[in-house]
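Structure for the following, please:
(chains A, B and C)
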Amino acid sequence: MDMFAKMMALDRRWVFLTLAIVCVVAYGLTFEVPILINDEVQSIYNFIDTLKPGQIVFIAVDYDPSNQAELQPMLYALMEQCFRKDLKVIITALSQNGPGMADQAIRDVSDSVKLDRTYNGVNYPGRTVERGKDYVFLGYKPYPSLIILGMGQNFRIPFPTDYYGTPIDSLPLMKGVINYDQVACVISLAAGNIADMWIADGQGRYNFKLAFGLTGVMGADYYPYLSSKQIFGIMAGQYGAAQYEKLTDNKGMAQDGMRIQLLAHWLIILFIIIGNIGFFASRRKLKEQGK
Amino acid sequence: MDFSTFLWTSFAAFLTLAIFSFLYKDNPLYKFAEHLFVGVSAGYFVVILFHNGLSPNLLQRLSDGDWYYLWLNSLRPWYIIPGILGILMFSRFSKKWAWVSRYPMAIYIGIAAGVAIPLEMTNRVLRQMVASMTPINWGNFLGSGYLDIASGYSEVIILTGAVSALVYFFFSTPHRGAIGGIAKYGIWILMLGFGATFGFTVMNRISLFANRIQFLWVNWMKNAFNVKGVNPQADTSYMLAFTVVALIFVGYVVWEIMKKFRKAETA
Amino acid sequence: MHKRQLPFILVFIFGAFMAVQYFMPHESSEFIYEFFALDWVPIIGIFALALGIWSLIKVSWDKIKHRRQDWQYSVVLLAGLFTIIFFGFFVKVGEHWEFRFMTSDGLQSYMFRHLFDYIVIPGQATVFSLLAFYIASASYRAFRARNLLATLLLSAALIMMLRFSPIPGLGEYMSKTATWLLNVPNLAAKRAIIIGIGLGMVATAMKVVLGIERGYMGKG
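Below you'll find the model as predicted:
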């Protein structure tokens, strides 16, 4: 067997091991990956940044733990930005394991905003956020398409109570909040086709400002909606999350993981190059033998 | 991090490593971890479905009546109807009565399909078509700078690209002659689109693994070793929990090697 | 008739009503839309989801009963399932445990939250993270520039993958190229796909409403 054939027959576990080592070493190194901001992420930041205290941001936590790597950092950065700016937040979780993700994020971010912090040169004193007053967590319901339509008529149709079982009419934040008309924007952090439902059943029918945080796999598929102005922003994948963290000046898991991303990407490019060299070399050999 | 949280984290770390051991080969540790988390997440779904779905939307709305009147003296007795329709779904388990479950299913499917017709048509097909039909910016055809999105040529590529990609999907005419040429351009555009998705997918997959490294490193090991005084209360018990998890995996590796060794001896 | 025809007539009535309702938002139709479609139907759906959980329990139980291969793991599965269900409904008040059925106190209990945070999250996240290794292996074995189309795909992917880089100049250059790629050729391709999928969904929904597509109801 010649070298290239041997190379192609290599046990894939060696490839696995190489990737694992490169990723762990990359995380151990200390260097910064430069983050360049894309317009579609900037527009989400700008929109929220210009809202006035008291306005409501609707965040839909539509993902399971399988995609927390990309979407959880977006949720943390977004929620902290809203709480620091004294915006009100309504949260839903229309994915099966979404409520647990939202519940965890609410606990963590509520703790985090208790501390004094400086973001983008502005000093924010610590504060306590109260359930029902500063945020409402509506919880989970199955069949997202009908739930999104239902909330367009009245939040009380699908959600008579919030996640914790409190009737939503008894929550101060929900006073006078009927449907999407009272919300400044909806930001869906989506993994899977719930994003399509937010476009067709939500934005399409009730015409509100909609933006997405998406997993990397879906990222590229939603750019047409950006150009048709059905949505006003996209954060896609860990790089999108890192961009948002950079914009909010709130370094988190996404920016922290970019070191791994960079070296792992280079490794995968290297794999592709080696694989192709082997492929062309063996093809040439076959051709020569054929002649 | 208090010690009980550290024990929980150590268990999570154990599950994480157990699942990674699948990359070497399928083994009992992986099977244990997989079945445990599948069971717990199914149970989690039961609890959420009840407390967030059934209870507020059905039971609490009926619970102002008395259950022994079948809730008919509730202020909103009509909610008994979706309840009954829902229970009819369980007739699927009987061969004789399975047809009964078709009624609630017919209602759900009819409504879901009916809702989709106008909404999908307007928001996906029509609005995307309208967005393509904007006048092309001939005045600024070459744009400014390197690869300008707002330039006329970009707009021409978007319009022609979308139309030719649609032509590629149109199989009622054979792809020959002019149609063939357009379809060929369409598939080039599609390939660039799939390439972009592929590049994004690599980032997605790596981020999933990066997240696990961050968890093991930051949430677990840093606390066990108390690196750079992250946790001033750390004591030997942290190291103990860490060692137990590490030992399980070292033990497994030794066991695997021994097995191979014995196999080689007998052979 | 009642076994087969009537359900399809129901599908047609509700489907046609919902489609027409969109164009005629009259008060009475709005009432049926809000009250019936958006309020009742999700309730019916909850029971359908319960069916799925029930079959998981049944399959695992059968495996244990007949001592099929690897039945021990089904014990683990059921143990996990019932443990979290227990903590979802029982809350420790003072010294003893109380059963909480109608209030959702269980959702905020220590054990319920910890079981999710430390078993479901690492389990699900790690299983999916195995994909990182498979894409690395695939990039080594499968991604070949065999012909023009494959080369186009690979070069687009490479541009996307080089978007962030600490090498001065390269990152900015690739990032600009990637932005153009996403917003121009990618947009055109995905727009065609969205229009195609949209038309496909409308056609399928029409077939269902009109009773042409009947496979979903099963035989009998």
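
which residues does residue 110 contact?
Just going to use chain A. Counting by Cβ atoms under 8 Å, 6 or more residues apart in numbering or on different chains, A:Ser110 touches A:Phe83, A:Thr128, A:Val129. For the C-beta atoms, the positions are set from N, CA and C on the backbone; glycine is no exception.

um, chain B though
C:Leu10, C:Val11, C:Phe12, C:Ile13, C:Phe14, C:Gly15, C:Met18, C:Val208, C:Val209.

How about it, nearest residue that isn't a chain neighbour?
Distances taken as Cβ to Cβ, 6 or more residues apart in numbering or on different chains place C:Phe14 nearest to B:Gly110, at 3.2 Å, with adjacent residues excluded.

what sits against the one you found?
B:Ala106, B:Ile107, B:Gly110, B:Ile111, B:Gly114, C:Ala37 are the contacts of C:Phe14 under Cβ under 8 Å, 6+ apart.

my read is it is in a strand, agree?
No: counting by DSSP: H, G, I helix; E, B strand; the rest coil, C:Phe14 is located in no strand; its state is helix.

Kindly provide the distance from it to chain A.
13 Å (Cβ to the nearest Cβ, to the nearest Å).

tell me which element A:His265 falls in.
Under the criterion of DSSP states H and E, A:His265 resides in helix A:253-290.

Give the buried residues for that helix.
Neighbour counts over helix A:253-290 (16 or more other Cβ atoms under 10 Å in any protein chain shown) mark A:253-265, A:267-269, A:271-272, A:274-276, A:278-279, A:281 as buried.

for that helix, packing partners?
With contacts taken as 3 or more Cβ pairs under 8 Å, 6 or more residues apart in numbering or on different chains; DSSP states H and E, helix A:253-290 sits against helix A:3-8, helix A:12-28, helix A:68-84, helix A:237-247, helix B:177-214, helix C:121-141, helix C:148-161.

so for that helix, what's the average pLDDT?
For helix A:253-290, mean pLDDT rounds to 90.

just stretch A:166-183 next, same as before
So the average pLDDT for stretch A:166-183 ends up being 94.

just the CA coordinates of it, formatted as PDB?
What follows is stretch A:166-183, C-alpha atoms only, in PDB (Å, rounded to 0.1, in the frame of the first residue of the first chain):
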ATOM      1  CA  THR A 166     -49.400  32.600  38.900                       C
ATOM      2  CA  PRO A 167     -52.400  33.900  37.000                       C
ATOM      3  CA  ILE A 168     -50.900  36.400  34.500                       C
ATOM      4  CA  ASP A 169     -53.600  39.000  35.300                       C
ATOM      5  CA  SER A 170     -52.200  39.300  38.800                       C
ATOM      6  CA  LEU A 171     -48.700  40.200  37.500                       C
ATOM      7  CA  PRO A 172     -48.000  44.000  37.400                       C
ATOM      8  CA  LEU A 173     -46.000  43.800  34.200                       C
ATOM      9  CA  MET A 174     -48.800  42.200  32.300                       C
ATOM     10  CA  LYS A 175     -51.300  45.000  33.100                       C
ATOM     11  CA  GLY A 176     -52.500  46.400  29.800                       C
ATOM     12  CA  VAL A 177     -50.300  44.000  27.900                       C
ATOM     13  CA  ILE A 178     -52.700  42.200  25.600                       C
ATOM     14  CA  ASN A 179     -50.700  40.900  22.700                       C
ATOM     15  CA  TYR A 180     -47.700  41.600  20.500                       C
ATOM     16  CA  ASP A 181     -48.900  45.200  20.000                       C
ATOM     17  CA  GLN A 182     -47.600  46.100  23.400                       C
ATOM     18  CA  VAL A 183     -44.200  44.600  22.800                       C
END
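
how far out from the middle of the chain is it?
25 Å (Cα atoms, centre = their mean, to the nearest Å).

thinking again about what came up before, could I get the helices and strands packed on helix A:253-290 as a markdown table with mean pLDDT and mean neighbour count?
Formatted as a markdown table, the helices and strands packed on helix A:253-290 follow (pLDDT from 0 to 100; neighbours: other Cβ atoms under 10 Å in any protein chain shown):
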| stretch | mean pLDDT | mean neighbour count |
| --- | --- | --- |
| helix A:3-8 | 74 | 14 |
| helix A:12-28 | 91 | 16 |
| helix A:68-84 | 95 | 26 |
| helix A:237-247 | 95 | 27 |
| helix B:177-214 | 94 | 22 |
| helix C:121-141 | 92 | 23 |
| helix C:148-161 | 93 | 20 |
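
got a markdown table for these, with distance to C:Ser28 too?
Below are these laid out as a markdown table (distance: least, Cβ to Cβ, whole Å):
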| stretch | distance to C:Ser28 |
| --- | --- |
| helix A:3-8 | 69 |
| helix A:12-28 | 61 |
| helix A:68-84 | 40 |
| helix A:237-247 | 45 |
| helix B:177-214 | 46 |
| helix C:121-141 | 46 |
| helix C:148-161 | 52 |
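
close enough to count as contact, C:Phe116 and B:Phe45?
No: with contact defined as Cβ atoms under 8 Å, C:Phe116 does not count as touching B:Phe45 (10.7 Å).

Which of the residues in the least confident helix or strand in chain C by mean pLDDT are classified as buried?
The weakest-scoring helix or strand in chain C, judged by mean pLDDT, DSSP states H and E, is helix C:27-32 (a mean of 81). Buried residues in helix C:27-32, counted by 16+ other Cβ under 10 Å: C:Ser29.

same question, stretch A:105-123
Buried, per 16+ other Cβ under 10 Å, within stretch A:105-123: A:Ala105, A:Ile106, A:Val109, A:Ser110, A:Ser112, A:Val113, A:Arg117.

Stretch C:88-96 now?
Of the residues in stretch C:88-96, those buried (16+ other Cβ under 10 Å) are C:Gly88, C:Phe89, C:Phe90, C:Val91.

now, among those residues, which is nearest to B:Thr201?
C:Gly88 (35.7 Å; Cβ to Cβ).

Find the helix or strand that the closest one is a member of.
Per DSSP H and E: helix C:71-89 holds C:Gly88.

after that helix, next one along is what?
Heading C-terminal from helix C:71-89 (DSSP H and E), you reach strand C:90-93.

quick check, that following strand touching chain B?
No: against chain B, strand C:90-93 shows no contacts by Cβ under 8 Å from any Cβ of the partner chain, the least distance being 11.0 Å.

quick one: low-confidence parts of chain C?
C:218-220 (pLDDT under 70).

The same query, at a cut-off of 50, please.
Residue ranges of chain C with pLDDT under 50: none are present.

residues in contact with residue 13?
Let's take chain A. Contacts of A:Arg13 by Cβ under 8 Å, 6+ apart are B:Leu23, B:Tyr24.

Correction: the question concerned chain C.
Counted by Cβ under 8 Å, 6+ apart, C:Ile13 has contacts B:Gly110.

what does B:Asn57 give?
A:Lys141, A:Pro158, A:Pro160, C:Asp39, C:Pro42, C:Ile43, C:Ile46.

Okay then, goodbye and thanks.
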